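Q: below: sequence and its predicted model.
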Amino acid sequence: MAKKEEKTNVMRILDQKKVPYTPYTYPHEPGVAVDGVTVAESMGQDPARVFKTLVTRGASGGYYVFDIPVAETLDLKKAAKAVGEKSIAMIHQKELLPLTGYVHGGCSPVGMKKPFPTTFHATALEGDTITVSAGKIGYQICCKPEDLIALVGAQVADVV
């Protein structure tokens with residue numbers, strides 16, 4: 001009997017909003033986060049087109065989400081400037097699940113518990129597709145960057 005394809009909440013939201021996407025899975029050990037470059041390579045994708053989702057807190061106390069290529073590092077100064085904060089810092093890993101509903105390694109810009117101001121790195125618009133987490137370790141979705149950016153109401157800026 002064929003195994004039914006598992007849908008994540010991210011996939012359900014994309015279906016509901018009629019955003020076309022391609023789901024991907026990659027091998028992983030339960031509960032073990034894998035680095036993004038390894039994930040991209042295991043799916044046969046260019047790491048420059050696979051984006052990781054990072055959550056930060058600004059000096060004002062507000063939260064901000066940044067999506068950047070998996071091989072890159074968020075430039076905290078550029079990121080703070082992009083969102084109009086004096087400074088920002090990464091949140092602690094233990095804060096991620098209660099704040100977003102996602103675990104480390106499975107955080108997606110789509111479907112967080114609350115919408116936060118989101119910024120994609122400028123290179124997001126340089127390709128036909130972009131891949132992000134589908135909200136669960138082992139699952140990714142690939143879609144047009146314009147569709148994803150519009151869905152989450154994100155801005156685009158140089159943040160690496």
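A: In hand now; what should we look at? Being a predicted model, the structure only gives us computed values, none of them experimental.
Q: now the helix or strand of the chain with the lowest mean pLDDT: buried residues?
A: Within the chain, confidence by mean pLDDT, DSSP states H and E is lowest for helix 36-42 among all helices and strands, at a mean of 90. If you call a residue buried by 16 or more other C-beta atoms under 10 Å, then helix 36-42 has these buried ones: 36, 39, 40. From N, CA and C alone the C-beta is placed, and that goes for glycine too.
Q: and for stretch 122-134?
A: For stretch 122-134, using 16+ other C-beta under 10 Å, the buried residues are 123, 124, 129, 130, 131, 132, 133, 134.
Q: remind me which residues of this structure are low pLDDT?
A: 1-5, 31-33 (pLDDT under 70).
Q: what bridges to the most centrally placed residue in it?
A: When the chain is reduced to its mean C-alpha position, the nearest residue by C-alpha atoms, centre = their mean turns out to be residue 53, at 3.2 Å. When assigned by DSSP bridges, residue 53 has beta-bridge partners residue 67.
Q: and it, what does it touch?
A: 65, 66, 67, 102, 107, 108, 109, 132, 133 (C-beta atoms under 8 Å, 6 or more residues apart in numbering).
Q: counting neighbours, what do you get for the nearest residue to residue 157 once chain neighbours are set aside?
A: On the basis of C-beta to C-beta, 6 or more residues apart in numbering, the spatially nearest residue to residue 157 that is not a chain neighbour turns out to be residue 82, at 4.0 Å. Neighbourhood size, residue 82 [other C-beta atoms under 10 Å]: 21.
Q: equivalent analysis for the one 4 residues further on, please.
A: With neighbours defined by other C-beta under 10 Å, the count for residue 86 comes to 9.
Q: ok, it - contacts?
A: With contacts defined as C-beta under 8 Å, 6+ apart, the neighbours of residue 86 are 58, 59, 60, 80.
Q: where does the residue nearest to residue 130 when sequence neighbours are not counted fall, phi/psi-wise?
A: With sequence-adjacent residues excluded and distances taken as C-beta to C-beta, 6+ apart, residue 130 is closest to residue 145, at 4.2 Å. For residue 145, the backbone dihedrals (degrees, to the nearest 10) come out as phi -60, psi -40.
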